[in-house]
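**Student:** Structure for the following, please:
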Amino acid sequence: MSNAYIPDQLHHMSRKELLEFAQTAHDENVGLVRRVKELESHNVKLESYNLKLANESHEYQQRCGELEKELINHKNVNKNIHLKNTGIATLVSELTGNNVVLPKMKSRVEIKKALNKFALENQIKALEWFDENNLVEDETTTLLLERIEQLRKEQE
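**Tutor:** Take a look at the predicted model:
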């Protein structure tokens, strides 16, 4: 709607006043048309941006679903690994008579470290027993002691 003043009796206006009135009304209409086009252009950009956000949101939701499935799968794999290694620890405990306790572990690497630590401790005990009972020759004693030290370093 134009802000131009429309007189009630245009027929009383002079030609110059009518031209000025018409020019003002025209200028206002041109300005309004320009503003409508700007707003429509801005609206198109907003709709495009909204569509882009909707697509990204959908992609994020799909990825979250995939990650949730991977997490469940990973937890199941870790549970199976822990059960397997607990079985191995129980078997080793029964065979050696020593209690092998596996702490709550989060990864296969931690489980291997725990089992390696147990194996190293038993190797050290065995080598010390050989040394204490003089079951090795004098030449081998030095090598045996070096091996014990090496195993202790690995254990740390």
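**Student:** what residue ranges in this structure score low on pLDDT?
**Tutor:** Low-confidence segments of the chain (pLDDT under 70): 1-9, 96, 100-108, 110-111, 134-141, 144, 155-156.
**Student:** And the helices in it?
**Tutor:** Residue ranges of the helices in the chain, as given by DSSP state H, are 15-96, 108-132, 138-155.
**Student:** the inter-axis angle of the first one versus helix 108-132?
**Tutor:** Just to be clear, that refers to helix 15-96. Angle of helix 15-96 versus helix 108-132, following axes from the mean of the first three to the mean of the last three C-alpha atoms, to 10 degrees, is 30 degrees.
**Student:** Now for Ala126, how many residues are close by?
**Tutor:** 11 (other C-beta atoms under 10 Å). For glycine as for every other residue, the C-beta is placed from the backbone atoms N, C-alpha and C.
**Student:** I'd guessed Leu115 sits against Ile88; true?
**Tutor:** Yes. Here Leu115 reaches Ile88: they are 7.1 Å apart, a contact under C-beta atoms under 8 Å.
**Student:** What distance do you get for Asn98 to Thr90?
**Tutor:** 12 Å (C-beta to C-beta, to the nearest Å).
**Student:** related to what we said a few turns ago, determine which stretch of the helices of the chain is the most buried.
**Tutor:** helix 108-132 (a mean of 14; mean count of other C-beta atoms under 10 Å).
**Student:** which other helices and strands contact that one?
**Tutor:** Helices and strands touching helix 108-132, as assessed by 3 or more C-beta pairs under 8 Å, 6 or more residues apart in numbering; DSSP states H and E, comprise helix 15-96, helix 138-155.
**Student:** Turn those into TSV, including distance to Leu127.
**Tutor:** Converted to TSV, those look like this (distance: least, C-beta to C-beta, whole Å):
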stretch	distance to Leu127
helix 15-96	16
helix 138-155	5
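**Student:** Would you mind measuring from the spatially most central residue of the chain to Asn78?
**Tutor:** Residue closest to the average C-alpha location in the chain (C-alpha atoms, centre = their mean): Leu67, at 8.6 Å. Relative to Asn78, Leu67 is positioned 16 Å away (C-beta to C-beta).
**Student:** Repeat that for Lys125.
**Tutor:** 31 Å.
**Student:** same thing with Leu115?
**Tutor:** Note on Leu115: its distance to Asn78, by C-beta to C-beta, is 16 Å.
**Student:** again with Gln150
**Tutor:** Gln150 is 32 Å from Asn78, by C-beta to C-beta.
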